[in-house]
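Q: Make a model of this:
(2 chains)
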Amino acid sequence: EDQVTQSPEALRLQEGESSSLNCSYTVSGLRGLFWYRQDPGKGPEFLFTLYSAGEEKEKERLKATLTKKESFLHITAPKPEDSATYLCAVQAEDNAGNMLTFGGGTRLMVKP
Amino acid sequence: DVKVTQSSRYLVKRTGEKVFLECVQDMDHENMFWYRQDPGLGLRLIYFSYDVKMKEKGDIPEGYSVSREKKERFSLILESASTNQTSMYLCASSLSSSGTDTQYFGPGTRLTVL
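A: So this is what the prediction gives:
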């Protein structure tokens, strides 16, 4: 059974204080790992897809990396507008359609 | 830009009512999905569809049914709403079932069953 665990559950940062969010996964074979951002009361917004170990992707203050067992979302010099819940999801090679298995999310709060 | 819309942002229904949640995507995507999201339980897949009139059960299909009569529209039906179906419902779509395709989500429907 595919499993995704995100840590920490919640993270409080001061503006400008860089940190990382962790996504550990167990799948029979990874087809893709996805990061989403979700604001309160809204649907998840796509950020990145990573396909293979060693891959990195960047968008503004966010950088996602992937190993064979986990992915990190690095946030450099965060701003209050980066406050949101960040979701990680995996798609397994033997998965029908595009089904994703989601982690529980990390709620990030950035204080000015 | 991909756009996924849901018929209502907020909905309040009574126990036993039949409830329809509608989702429309404008990008000719083959796959469509219905999830529910609850605190502490994350996103859980209810049903998905990879083609018109085709449907597959997800992790928690009990108490729900779906309909996909047109490619762009995917409906979630609660035959007889119960209080434990109070939740945030999210619809998503993706291009095709081959390869790795990103799922794009709608804004969500917050359903309260009294």
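Q: Return the set of buried residues in stretch A:16-23.
A: A:21, A:23 (16 or more other Cβ atoms under 10 Å in any protein chain shown). Heads up, the C-betas are built off the backbone N, CA and C, glycines and all.
Q: hey, where'd the strands end up in chain A?
A: Remark: strands assigned in chain A by DSSP state E are A:3-7, A:10-14, A:19-26, A:30-38, A:45-50, A:56-59, A:62-66, A:70-75, A:84-92, A:101-102, A:106-111.
Q: What ranges in the chain fall below the confidence cut-off?
A: Just going to use chain A. A:96-97 (pLDDT under 70).
Q: wrong chain, I was asking about chain B
A: B:2, B:97-100.
Q: near chain A, which residues of it show up?
A: Neighbours of chain A within chain B, by Cβ under 8 Å from any Cβ of the partner chain: B:4, B:31, B:33, B:40, B:42-43, B:45, B:48, B:50, B:56, B:58, B:90, B:92, B:94, B:96-97, B:100-108, B:110.
Q: Looking at those, which are in strands?
A: B:4, B:31, B:33, B:42-43, B:45, B:48, B:56, B:90, B:92, B:94, B:104-105, B:110.
Q: Out of the strands of chain A, which one sits most buried?
A: strand A:84-92 (a mean of 23; mean count of other Cβ atoms under 10 Å in any protein chain shown).
Q: Mind listing residues that contact that one?
A: Residues outside strand A:84-92 that contact it (Cβ atoms under 8 Å, 6 or more residues apart in numbering or on different chains) are A:2, A:4, A:6, A:21, A:23, A:25, A:27-40, A:44, A:47, A:71, A:73, A:98-103, A:105-108, B:42-43, B:100.
Q: Return the residues in contact with residue 65.
A: No chain was given, so I picked chain A. With Cβ under 8 Å, 6+ apart, A:Thr65 has these contacts: A:50, A:55-56, A:71-72, A:74.
Q: that's the wrong chain, I meant chain B
A: Counting by Cβ under 8 Å, 6+ apart, B:Ser65 has contacts B:47, B:76-77, B:79.
Q: buried subset of those?
A: B:47, B:76-77.
Q: Nearest to A:Lys79, out of the residues you listed: which one, please.
A: If you rank those by distance to A:Lys79 using Cβ to Cβ, B:Leu76 comes first, at 36.3 Å.
Q: sorry, back to before: only the buried subset of the residues of chain B next to chain A, as a ChimeraX command please.
A: Applying 16+ other Cβ under 10 Å to these, the buried members can be selected in ChimeraX as follows:
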select /B:4,31,33,42,43,45,48,50,58,90,92,94,97,100,101,102,103,104,105,106,108,110
